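Undergrad: No sequence on hand, only this structure:
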């Protein structure tokens, strides 16, 4: 795959690379630290989203972007939607929901017997549960896709190496988070799985557009939540 050229972005400097790498490393450690320091699920997700998925990218666009049209570069065309691609989005979303429901079923029916499972988030009432699910199933997937598949993917040079580097960090993030919840074996397996998901989502965003990828991501989270309720809570 050849590097894509864009007239709005100039050279990718060493300072830019170091800033993005530092951001990604902080992202890897921030999620498990937040899970370790607070059991409030809504607060944990909110801090993570606001600090790492909103403030840091905005800071980069404002102070380090090489050009005057940062927001135009990052967001132009991302919310465009083609009706003829909707069928693909719905079809892949159904597959994503079923796959994650199946993964949850296998985990809670088999692996949980051999691996530790310590859900670090305390939800004390129906209001907190509703807020957590609203953030986890709607706001969070949108913000995560904007961060990984728009901000990081468009900040790095658009080559296969940087697409893989992006997805590698995405997989590592899931390993770091899952290590706070379950055993090493499952965490590593899911890290490899989400590395593949990251690569696939970068490709799908170019193929069927950002909106459909968000729909797929929401369905993945919904499948996991449904499996958690059916096979663990009940």
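TA: Thanks, I have it. Quick caveat, the model's predicted, so the values are computed rather than measured.
Undergrad: Geometric centre of this protein: which residue is closest?
TA: Taking CA atoms, centre = their mean, the centroid of the chain lies closest to residue 144, which sits 4.2 Å from it.
Undergrad: you'd agree that residue is up against residue 217?
TA: Yes. Here residue 144 reaches residue 217: they are 6.9 Å apart, a contact under CB atoms under 8 Å. C-beta here means a position set from N, CA and C on the backbone, and glycine is covered the same way.
Undergrad: Give the buried residues for stretch 76-88.
TA: residue 88 (16 or more other CB atoms under 10 Å).
Undergrad: Name the residues that touch it?
TA: The contact list for stretch 76-88 (CB atoms under 8 Å, 6 or more residues apart in numbering) reads 150, 208-212.
Undergrad: so can I have TSV of those residues showing secondary structure, neighbour count and pLDDT?
TA: Formatted as TSV, those follow (DSSP: H, G, I helix; E, B strand; the rest coil; neighbours: other CB atoms under 10 Å; pLDDT from 0 to 100):
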residue	secondary structure	neighbour count	pLDDT
150	helix	17	93
208	helix	21	92
209	coil	20	90
210	helix	22	94
211	helix	18	93
212	helix	23	95
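Undergrad: In the residues you listed, find the pair that's most separated.
TA: 150 and 208 (14.8 Å; CB to CB).
Undergrad: State the number of residues packed around residue 59.
TA: Using other CB atoms under 10 Å, residue 59 has 12 other residues around it.
Undergrad: low-scoring pLDDT stretches of this structure, where are they?
TA: For the chain, the stretches with pLDDT under 70 are 1-12, 39-41, 66-68, 112-115, 119-123, 234.
Undergrad: circling back: quick one: the residue nearest to the centre of the chain and residue 38, what's the gap?
TA: Residue 144 is 19 Å from residue 38, where distance means CB to CB, to the nearest Å.
Undergrad: Same question for residue 153.
TA: Taking CB to CB, one finds residue 153 at 30 Å from residue 38.
Undergrad: Could you do residue 23 as well?
TA: Note on residue 23: its distance to residue 38, by CB to CB, is 22 Å.
Undergrad: hmm, who's touching the helix or strand where residue 162 lies?
TA: Using DSSP states H and E, residue 162 sits within helix 160-178. By CB under 8 Å, 6+ apart, the residues outside helix 160-178 that reach it are 1, 24, 27-29, 31-32, 35, 148, 152-153, 156, 186-188, 190-199, 202.
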